[in-house]
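Colleague: Please find the sequence and the predicted model below.
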Amino acid sequence: MDIDKLRKNTVPYNELEEKYMENSEFQREYLNLSLEEYLTDGDFNTFYKSLEKVIKSRESITSFSKKVNIDRSNLYTLFNGEKVPRLDTIAKILKELGYTIKVA
């Protein structure tokens, strides 16, 4: 197997992820899947990291934090799993992202 040839013909994962994260429909599905995983395994951290990726794909954390009126450092604390946010905080973030939760 020619590793150099393989590298030339392969798109690095981070570049592919960045490309897909530009698409709002992909972002929505990405958050849906992440939320479903949380409901299955109870791991908030994966969901918070997903929120962080979607926000960063749209704008800076600083500008987003101003829009939702949440201190930037509080967002990073949430994204790093150091603090569990209140439901209204998550609702503000999701609302700003244009995400609506449908209850079955």
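Modeller: Thanks, I have it. Worth saying up front: this structure is predicted, and the values here are computed from it rather than measured.

Colleague: neighbouring contacts of stretch 41-61?
Modeller: 17-18, 21-22, 27, 30-31, 34-35, 37-38, 64, 72, 75-76, 78-79, 81, 84, 93, 97 (CB atoms under 8 Å, 6 or more residues apart in numbering). Glycine gets a C-beta too; all of them are placed from N, C-alpha and C.

Colleague: Low-confidence stretches in this structure?
Modeller: 1, 3, 5-17, 101-104 (pLDDT under 70).

Colleague: N45 is in what secondary structure piece?
Modeller: Per DSSP states H and E: N45 is located in helix 44-58.

Colleague: those helices in this structure, which residues are they?
Modeller: 3-8, 13-21, 24-41, 44-58, 61-68, 72-79, 87-96 (DSSP state H).

Colleague: can you give me the angle the fourth one makes with helix 87-96?
Modeller: By that I understand helix 44-58. For helix 44-58 against helix 87-96, the angle by axes from the mean of the first three to the mean of the last three CA atoms, to 10 degrees is 30 degrees.

Colleague: could you check the angle helix 24-41 makes with helix 44-58?
Modeller: Helix 44-58 and helix 24-41 are oriented at 170 degrees to each other (the same axes, to 10 degrees).

Colleague: what distance separates helix 44-58 from the centre of its chain?
Modeller: Relative to the chain's own centre, helix 44-58 is displaced by 2 Å; criterion: CA atoms, centre = their mean, to the nearest Å.
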